[in-house]
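> let's see this in three dimensions:
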Amino acid sequence: MKTVRNVILCAVVPLVCAMGATHAYAQGIGRSGTYGPMWDNAVTMSMDKLTAQQRNEVVQIKSKMMQMTMEHEQAMAKMEMDFMQTMMDLQKQLLDVFRGH
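Below is the predicted model:
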């Protein structure tokens, strides 16, 4: 019984560490001190100083940026779910190997 508990402990600890590291990276923690995208801060010009055509372009660009951000977040979530599923499958295989030993 003690060996089974040790095997499970050895399998769960790396999984938890991987989950924590993946979560921290997805949140932007630890990457050069940044905590998310900073490109919204680059545009400081007031909208009222723009012409109607320029305002329309700004709205289109910001809309495209939001769409790309959402697509990126969806892709990252899917990739993280695939990663976690693969890791759980590998952990299960590892446990099966240790049980057979």
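> from now on I want contacts and neighbour counts done on CA atoms only, so please keep to that.
OK.
> pull the longest helix from the chain.
For the chain, the helix with the greatest residue count under DSSP state H is helix 52-100.
> show the average pLDDT along that helix.
The average of the pLDDT scores along helix 52-100 is 95.
> in terms of secondary structure, what does that helix contact?
Judged by 3 or more CA pairs under 8 Å, 6 or more residues apart in numbering; DSSP states H and E, the packing partners of helix 52-100 are helix 2-26.
> residues near Asn56, how many?
12 (other CA atoms under 10 Å).
> again, but for the one 3 residues further on
If you count neighbours by other CA under 10 Å, Val59 ends up with 12.
> mind listing what it touches?
If you count contacts by CA atoms under 8 Å, 6 or more residues apart in numbering, Val59 has none.
> now Leu50: phi and psi?
Backbone torsions for Leu50, taken as degrees, to the nearest 10, come to phi -90, psi 160.
> what about it, neighbour count?
For Leu50, the count of nearby residues is 12 (other CA under 10 Å).
> distance of it from Met66?
When CA to CA, to the nearest Å is the yardstick, Leu50 and Met66 sit 21 Å from each other.
> same deal with Asp48?
Distance, Asp48 to Met66, by CA to CA: 22 Å.
> who's more crowded, these two?
Met66 (12 against 8).
> Gln53: how many residues sit nearby?
Here the count is done by other CA under 10 Å, and Gln53 has 9 residues near it.
> contact partners for it?
With contacts defined as CA under 8 Å, 6+ apart, Gln53 has no neighbours.
> any idea how far Ser46 is from it?
14 Å.
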